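[1] sequence unknown, structure follows:
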């Protein structure tokens, strides 16, 4: 089966500079040596050869020291060789160094010399103690060496994970996340990598890899079951790829496909912990991208609703005065008895129906437009047509409510006398300012804490009225302002 693969080293990657591939390879080598002895036979034999050379050097030093200071200090010369073998080559060469150190001491420094026989019982004890001390020292040194290697491996793995997370932070869409994660994992494991997503028909989210039908079938199985599958993982899978699930909680949101050009398994068993940690970072990035996309979509919908609400409100406000005039004209014609009564009744009925439609348009705004207006303990709920003061419901006349509702729709904005009269009484009464003053006086008596010093509904002399956005609590302002607002 032939698969067209694109090497990731030749791919143009979106984002910042890629992480250091040397760091990846060092991390993998450290983990491999920590979990499995992956050294070649030549390397292992080299460790034993180094141990032998260090013991030979200790023996030569002992032969030079013994004629002058005796054999009592010679046995200590072998401990550095054992410790050196443990630190540089590991436990096996260290134990071998301990054994040949005891044999060398017996052969060269105990009577009879140049033989492995021991005549003096004290020399037997010395050789055994030397061997025991050398073994304990080699164990301790090898344990320290292993712990140091583990610490380096963990530090390198954490650096690799942090580097991938840092790269993914620059990505905003799932395709950018797929491109960056595929490139980075391809460098880490020195193979081809691509992120696969989509249910029930999976597809590659990064690169230009063309999957065969059997590859897509295995990828779909991984997305469905949430278990690894593919080459060297599942014998029944006829594919050159390994697919690993990318999980977010208990859900599988994608799958990472890995494959090598030479057909070898792309990930060894000792590399799976690192791969799982990297895939967790990919899952976090995908979830973050999904949430950001949902937030952007919500913002777009909210903005559209606000525009729609403003548009509907504007249309209703523009059409409301002429419809009010038509309805009042029809009522006047009906009262005067002139004209065709049936036609006049039809015009009045249609005008009233259109006014109800406009009222429905005003109520069709977003939920934020239905929030009550709260000012200094006064709650004005335009949607429920309710007004309360410190939790107690206030009963208003229809004209008082019409004036207050119009002011509440435009808090802080000065509305002219003509505007308020046209809204509450109709165009025919735009000049009857006294009607408006009576309504304002009634509203102040019912809503203001001190009607003589109004703090909620303010008068703009010779212009109109406005609803204060942030009323002064407990006072009505200066004497000059109070006098102006009393009108």
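    Yep, it's here. Keep in mind that what you see is a predicted model, and the values were worked out from it rather than measured.
[2] Could you tell me the phi and psi values at residue 465?
    Phi and psi for residue 465, reported as degrees, to the nearest 10, are phi -130, psi 160.
[3] and it, what does it touch?
    Residue 465 is in contact with 407, 414-415, 417, 420, 436, 440, 457-459, counting by CB atoms under 8 Å, 6 or more residues apart in numbering. (Glycine included, C-beta is placed from N, CA and C.)
[4] Would you confirm that residue 78 contacts residue 55?
    Yes: with contact defined as CB atoms under 8 Å, residue 78 and residue 55 form a contacting pair (6.6 Å).
[5] okay, and the common contacts of the two?
    Residues touching both residue 78 and residue 55 comprise 97, 101, 104, with contact defined as CB under 8 Å, 6+ apart.
[6] could I get those residues as a markdown table with neighbour count?
    As requested, the shared contacts of residue 78 and residue 55 are exported to a markdown table (neighbours: other CB atoms under 10 Å):
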| residue | neighbour count |
| --- | --- |
| 97 | 33 |
| 101 | 28 |
| 104 | 21 |
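[7] Just name the closest of those to residue 469, please.
    Residue 469 lies nearest to residue 97 out of those, by CB to CB, at 87.7 Å.
[8] residues of the helix or strand containing that closest one that come out buried?
    Using DSSP states H and E, the element containing residue 97 is helix 91-109. Buried residues in helix 91-109, counted by 16 or more other CB atoms under 10 Å: 91-102, 104-106, 108-109.
[9] can I assume residue 245 sits in a strand?
    Yes: when DSSP: H, G, I helix; E, B strand; the rest coil is applied, residue 245 is found to be in a strand.
[10] What's the local residue count around it?
    Residue 245 has 21 neighbouring residues, counting by other CB atoms under 10 Å.
[11] what's the model's confidence in stretch 218-233, averaged?
    Mean pLDDT, stretch 218-233: 86.
[12] Not counting that stretch itself, show me its contacts.
    196-197, 199-202, 211, 234, 237, 239-245, 247, 252, 254-255, 257, 259, 265-266.
[13] if you set the cut-off to 7 Å instead, what comes out?
    Stretch 218-233 has contacts (CB atoms under 7 Å, 6 or more residues apart in numbering) with 196, 199-200, 202, 237, 239-245, 247, 252, 255, 257, 265.
[14] Give me the buried entries from these.
    Among the contacts of stretch 218-233, those that count as buried by neighbour count (16+ other CB under 10 Å) are 196, 202, 237, 239-245, 247, 252, 255, 257, 265.
[15] quick one: which of those is nearest residue 275?
    residue 244 (6.4 Å).
[16] ok, back up a step: so which of the contacts of residue 465 wins on neighbours?
    Most surrounded of the contacts of residue 465: other CB under 10 Å gives residue 407, at 27 neighbours.
[17] so it sits in a helix?
    Yes: secondary structure of residue 407 (three-state DSSP): part of a helix.
[18] Quickly note the distance from it to residue 385.
    15 Å (CB to CB, to the nearest Å).
[19] Could you report the neighbour count for residue 385?
    Applying other CB under 10 Å, I find that residue 385 has 10 neighbouring residues.
[20] Any figure for the gap between it and residue 457?
    18 Å.
[21] for the residue most central in space within the chain, what are its contacts?
    For the chain, the residue nearest the mean C-alpha position is residue 288 (3.5 Å; CA atoms, centre = their mean). If you count contacts by CB under 7 Å, 6+ apart, residue 288 has none.
[22] before we move on, back to that, so, if you compare the shared contacts of residue 78 and residue 55, which one comes nearest to residue 155?
    Distance ranking of the shared contacts of residue 78 and residue 55 against residue 155, using CB to CB, places residue 97 first at 29.6 Å.
[23] Could I get the average pLDDT for the longest strand belonging to the chain?
    Ranked by residue count, the top strand of the chain under DSSP state E comes out as strand 251-259. The average pLDDT for strand 251-259 rounds to 89.
[24] And the strands in the protein, which stretches?
    Ranges of strands within the chain are 192-197, 203-204, 229-230, 242-248, 251-259, 373-375, 378-381, 386-389, 392-393, 415-416, 457-460, 464-467, based on DSSP E.
[25] How far off centre is the third one?
    The one in question is strand 229-230. 29 Å (CA atoms, centre = their mean, to the nearest Å).
[26] just checking, what packs against the helix holding residue 97?
    Other elements packing on helix 91-109 under the criterion 3 or more CB pairs under 7 Å, 6 or more residues apart in numbering; DSSP states H and E are helix 41-69, helix 78-89, helix 121-168.
[27] Burial-wise, tell me which of these comes out on top.
    helix 78-89 (a mean of 22; mean count of other CB atoms under 10 Å).
[28] Quick check: of the buried ones among the contacts of stretch 218-233, which lies closest to residue 66?
    Taking the buried ones among the contacts of stretch 218-233 together and measuring to residue 66 by CB to CB, the closest member is residue 265, at 56.5 Å.
[29] Give me the nearest residue to the closest one, chain neighbours excluded.
    Distances taken as CB to CB, 6 or more residues apart in numbering place residue 232 nearest to residue 265, at 3.9 Å, with adjacent residues excluded.
[30] Report the separation between the one you found and residue 263.
    From residue 232 to residue 263 the distance is 10 Å (CB to CB).
[31] Then residue 79?
    50 Å.
[32] on that earlier part again, could the helices and strands packed on helix 91-109 go into TSV alongside mean pLDDT?
    Converted to TSV, those look like this (pLDDT from 0 to 100):
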stretch	mean pLDDT
helix 41-69	80
helix 78-89	76
helix 121-168	73
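[33] Adding distance to residue 395, write the ones you listed out as CSV.
    Shown next, in CSV, are those (distance: least, CB to CB, whole Å):
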stretch, distance to residue 395
helix 41-69, 96
helix 78-89, 93
helix 121-168, 61
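[34] Among those, which comes closest to residue 293?
    Nearest to residue 293, of these and by CB to CB, is helix 121-168 at 15.2 Å.
[35] Low-confidence bits of the stretch 301-450 of the chain, can you list those?
    The stretch 301-450 of the chain contains residues with pLDDT under 70 at 316-317, 339, 355-356, 358-370.
[36] Kindly recompute the last result at 80.
    305-371, 376, 383-384, 427-428, 430 (pLDDT under 80).
[37] Could you give the number of residues near residue 372?
    15.
[38] ok, it - contacts?
    So residue 372 contacts 379-381 (CB under 7 Å, 6+ apart).
[39] Among those, which one is most surrounded by other residues?
    Among the contacts of residue 372, the one with the most neighbours (other CB under 10 Å) is residue 380, at 23 neighbours.
[40] That one contacts residue 404, doesn't it?
    Yes: with contact defined as CB atoms under 7 Å, residue 380 counts as touching residue 404 (6.5 Å).
[41] Return every residue with contacts to both of those two.
    In contact with both residue 380 and residue 404: residue 387, using CB under 7 Å, 6+ apart.
[42] now residue 464, nearest residue through space, not along the chain?
    residue 416 (4.1 Å).
[43] er, residue 205 I mean
    residue 178 (3.7 Å).
[44] what's near enough to touch that neighbour?
    195, 205-206.
[45] least confident pick among those residues?
    Minimum pLDDT across the contacts of residue 178 falls on residue 206, with 79.
[46] That one: neighbour count?
    The number of residues near residue 206, taken as other CB under 10 Å, comes to 26.
[47] what inclination does the longest helix anywhere in the chain have with respect to strand 242-248?
    Criterion DSSP state H: the longest helix present in the chain is helix 272-336. Angle of helix 272-336 versus strand 242-248, following axes from the mean of the first three to the mean of the last three CA atoms, to 10 degrees, is 50 degrees.
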